[in-house]
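In: How does the following fold in three dimensions:
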Amino acid sequence: MLLTVTLNSALDITYRVRSLRPHASHRVTEVSERPGGKGLNVARVLAALGHEVTATGFTGGATGAVVQRRLTATPGVVDALVPVAAPTRRTIAVVDELTGDTTQLNEPGPTITPAEWAAFQEVYEDLLTSASAVALCGSLPPGVPVGAYAGLVRAARTAGVPVLLDTSGEPLRRGVAARPDLLKPNADELAELTGSHDPSRAAQDARRRGARAVVASLGTGGLLATAPEGHWRATPPTRVHGNPTGAGDSVVAGLLSGLVDQLPWPARLARAVALATATVQAPVAGEFDRTTYENLVNVVAVTGEATAA
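Out: Predicted coordinates:
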């Protein structure tokens with residue numbers, strides 16, 4: 001079983017409009033709702049790839065009930081979300097159909113009490129006993145300690161479960177010091193962590209800070225990976241236009257899937273890049289265009305070299 005953690009889950013609402021203009025009224029042409037937050041997006045992509053997935057985190061209020069109802073209806077995903085008193089947040093993506101650009105509005109999330117945080121930690125440690133790998137994803141809601149991910153990384157390592165961390169800011173800085181197996185920042189998050197705007201140097205710095213391996217998302221530039229086994233760069237064969245929301249989450253899904261499938265690093269990166277590109281072609285986060293994925297996964301360019309044994 002693969003485990004995903006989404007401490008700040010959401011109901012993702014996507015509006016499509018013909019052309020988004022400031023200070024104007026707009027007629028929405030299409031509305032969609034999906035369980036959201038980075039880890040839930042990862043879970044849905046993993047399930048679509050055929051993996052058994054359990055999703056945990058927090059859920060509360062009427063919005064949380066919608067998230068759970070829709071998550072339960074997702075084939076291959078087991079709902080292990082922990083109930084809280086405050087309502088789950090909403091995120092709103094407004095897609096401009098004329099340009100393909102997306103404007104994102106994210107609510108802050110529910111305030112988590114100390115008792116609710118303690119209850120979650122008990123659930124998490126129990127789930128680790130049957131997990132083959134875990135992904136810790138996204139922002140922290142109010143009330144959760146800033147060092148939360150560091151503690152969750154340490155718990156996974158104690159249980160012998162490979163752990164991937166995808167967050168930002170101070171939670172990332174503290175989390176990397178707990179020595180996750182894999183860190184997945186974007187270029188801005190990596191620069192904030194290390195102070196270097198050279199992705200290659202920054203990735204090496206992040207490894208020195210504690211991460212065993214680092215895979216940096218470079219947007220349309222693909223992925224940069226550095227690990228004990230070597231270093232690589234993976235780039236999509238063509239640029240695509242669409243909604244980029246959730247592309248980074250599909251990278252996480254591809255990396256975690258490749259890890260448990262015991263793929264060599266170049267194949268893991270090719271899978272991750274193909275999934276991210278296919279997600280841009282999908283209407284909402286947490287989904288990918290399967291035809292695009294299957295057409296790309298074997299033609300993604302991966303360059304670099306393995307470290308001599």
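In: now the strands for the chain?
Out: Along the chain, the segments classed as strands by DSSP state E run 2-6, 10-17, 28-36, 53-60, 77-84, 89-96, 102-106, 133-137, 163-166, 182-183, 213-217, 223-227, 230-235, 301-306.
In: so what strands line up beside the second one?
Out: Spelled out, that is strand 10-17. Strand 10-17 sits in its sheet next to strand 28-36 (antiparallel), strand 89-96 (parallel), going by DSSP bridges.
In: Next, format the strands of the chain as a markdown table and append mean pLDDT, distance to R271 and mean neighbour count.
Out: Bear in mind the C-beta positions are built from the backbone N, C-alpha and C, glycine included. As requested, these are exported to a markdown table (pLDDT from 0 to 100; distance: least, CB to CB, whole Å; neighbours: other CB atoms under 10 Å):
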| stretch | mean pLDDT | distance to R271 | mean neighbour count |
| --- | --- | --- | --- |
| strand 2-6 | 98 | 14 | 28 |
| strand 10-17 | 93 | 24 | 22 |
| strand 28-36 | 92 | 22 | 18 |
| strand 53-60 | 98 | 16 | 26 |
| strand 77-84 | 97 | 19 | 19 |
| strand 89-96 | 92 | 25 | 19 |
| strand 102-106 | 90 | 24 | 14 |
| strand 133-137 | 98 | 15 | 27 |
| strand 163-166 | 98 | 14 | 28 |
| strand 182-183 | 98 | 14 | 26 |
| strand 213-217 | 97 | 12 | 25 |
| strand 223-227 | 96 | 11 | 24 |
| strand 230-235 | 95 | 9 | 20 |
| strand 301-306 | 87 | 10 | 13 |
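In: Dump those strands to TSV, plus distance to Y149.
Out: Shown next, in TSV, are the strands of the chain (distance: least, CB to CB, whole Å):
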stretch	distance to Y149
strand 2-6	9
strand 10-17	18
strand 28-36	19
strand 53-60	12
strand 77-84	16
strand 89-96	19
strand 102-106	19
strand 133-137	5
strand 163-166	6
strand 182-183	11
strand 213-217	16
strand 223-227	20
strand 230-235	25
strand 301-306	28
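In: Which among the ones you listed is found nearest to V260?
Out: Nearest to V260, of all the strands of the chain, is strand 133-137, at 5.3 Å by CB to CB.
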